[in-house]
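Q: Next input, structure requested:
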Amino acid sequence: MRILVVDDDPRALALLEKFLRSRGHQVIAARDGSQAITQFVAHDPQLVLLDVNMPERSGFDVLAEIRATSQVPVIMVTVRNTTEDKVRGLRAGADDYVTKPFDLDEIEARIEAVQRRYLADAPEGQVEVGPLLIDHDAKRVLVEGRELRLSPREYQVLAVLASQPGRVLAPPEIARRAWPRDEGTSDDVAKYVYLLRQKLQAACPGLELIHTVRGFGYRLEPPGDGDEGTGTQLGPGPR
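A: Numbering: from 1, shown residues only. Predicted structure coming up:
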């Protein structure tokens, strides 16, 4: 596994690098928050071990930047075993917490547990709905052969809708499945559905795949498969 380890303590960083490499992982190291973001973009890690207390840019700042573009698993490492810090990190999108001084066997166990949860939740293979093709392995979306450039959150919302084509999904259900820690709201869903519609329309003018069922939610369905008289709209949100 490719792991980004971020810690401003050179001894802790060296210890984690040596241990994780001995377990067969590829390790990318960063000594501060700015370097962490640079390394994250350059190497696309499969998991991040992120120190909370760093000068200039804290682990919370780095986590916020990571979560703006990626749902990669993040384990926070902190010297403060306080509920307040843990709640803040978990609400910001961290997957787990480890407190210093840490036990290396515990680090390994937590990495394995987080990765199992992440892989279990990740869809695999391809989903095809009419002219829409979602390749979950390659993380690509094609509509009538044209590739759509989606943000990670747009991709997640579309994947939830495509997981049950033809079924009406309520905004809270979409939010629960697309935002793993209950961070999303119905308004967030409406915003991303609107953005998806804009991109689908730009790629294929006149094509309507995401339908609004007024008062209930959204469904993904190719043209011609929907019921007559079901309300559709391009604006955000069921009304």
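Q: Could I get the full set of strands for this structure?
A: Secondary structure of the chain by DSSP state E: the strands cover 2-6, 26-30, 47-51, 74-78, 96-99, 126-129, 132-135, 140-143, 146-148, 210-213, 217-220.
Q: And stretch 116-135, end to end?
A: 21 Å (CA to CA, to the nearest Å).
Q: now that stretch: mean pLDDT?
A: Averaging pLDDT along stretch 116-135 gives 78.
Q: F40 is nearest to which of the strands of the chain?
A: strand 2-6 (5.9 Å; CB to CB). Any C-beta I mention is one placed from the backbone N, CA and C, and that applies to glycine too.
Q: Distance check, the most centrally placed residue in the chain against V52.
A: The chain has Q71 as the residue nearest its centroid, 2.6 Å off, counting by CA atoms, centre = their mean. Using CB to CB, to the nearest Å, Q71 is found at 20 Å from V52.
Q: most tightly surrounded among the strands of the chain?
A: strand 47-51 (a mean of 25; mean count of other CB atoms under 10 Å).
Q: Any stretches of the protein with poor pLDDT?
A: 81-82, 118-124, 180-183, 224-239 (pLDDT under 70).
Q: those helices in it, which residues are they?
A: With helices called from DSSP state H, the chain shows them at 10-22, 33-43, 59-67, 83-91, 104-121, 152-162, 171-178, 186-203.
Q: Show me which of these has the highest average neighbour count.
A: Taking mean count of other CB under 10 Å, helix 152-162 is the most buried of the helices of the chain, at a mean of 21.
Q: so what secondary structure elements neighbour that helix?
A: Judged by 3 or more CB pairs under 8 Å, 6 or more residues apart in numbering; DSSP states H and E, the packing partners of helix 152-162 are strand 126-129, strand 132-135, helix 171-178, helix 186-203, strand 217-220.
Q: do you know which of these lies nearest Y97?
A: Of the helices and strands packed on helix 152-162, nearest to Y97 by CB to CB is helix 171-178, at 22.4 Å.
Q: before we move on, back to that, now render the helices of the chain as JSON lines, adding distance to R146.
A: Formatted as JSON lines, the helices of the chain follow (distance: least, CB to CB, whole Å):
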{"stretch": "helix 10-22", "distance to R146": "41"}
{"stretch": "helix 33-43", "distance to R146": "26"}
{"stretch": "helix 59-67", "distance to R146": "28"}
{"stretch": "helix 83-91", "distance to R146": "37"}
{"stretch": "helix 104-121", "distance to R146": "28"}
{"stretch": "helix 152-162", "distance to R146": "15"}
{"stretch": "helix 171-178", "distance to R146": "23"}
{"stretch": "helix 186-203", "distance to R146": "5"}
